[in-house]
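>>> I would like to see how this sequence folds:
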Amino acid sequence: MIDLVAAALVVLGSLLMLLAAIGVLRLPDVYVRLQASTKAASLGAGCLLVALILEFGDLAVGVRAVLAITFVFLTVPVSGHLIGRAAYLTGVPLWEGTAIDELRSHSASVDAAAAAPVDAESASEADDSVADDGELDRDARTGADGADGSARPA
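Predicted coordinates for the structure are as follows:
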């Protein structure tokens, strides 16, 4: 009975891996390909590793397979997210059939904040605002004088 369940898991895992491969080849853009490859491939690998546990029935093999499953399930979604984010930030175009771009408004606000000029006076005021609280007073760190020996204006 265990052999039949293991065989069914091997077939299911192999079909999921095949589906992931077909998805990578046939789907229209990098974002949809990532979804197909990460979900189907991780589930396929999980099915194959569970079949391995059932077939061998050894504790050492089981522990290694559980660690491999954990590793796959933790790293595949993160790497897929990072690849998708890198593709979006570098300007890889979306498929024409994409209905909603939820990151468009977010990326525009991030780009605007990054492009905003910072003048020296506002940066100096931001630096001195910490000193006004008394926690990181520049005079207390360098003495009454500035680092170059000149008196610092109040």
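>>> Tell me the predicted confidence for residue 135.
Residue 135 is assigned a pLDDT of 47 by the prediction.
>>> what's the helix or strand for the spatially closest residue to residue 39 that is not a sequence neighbour?
Using Cβ to Cβ, 6 or more residues apart in numbering and skipping residues adjacent in sequence, the residue nearest residue 39 is residue 20, 7.8 Å away. Every C-beta, even on glycine, is put in place using the N, C-alpha and C of the backbone. Secondary structure from DSSP states H and E places residue 20 in helix 2-26.
>>> Can you list the neighbours in contact with that helix?
Helix 2-26 is contacted from outside by 32-33, 35-37, 39-41, 43-48, 50-52, 54-55, 57, using Cβ atoms under 8 Å, 6 or more residues apart in numbering.
>>> Now which of these would you call buried?
Buried members of these, counted by 16 or more other Cβ atoms under 10 Å: 32-33, 36-37, 39-41, 43-48, 50-52, 54-55.
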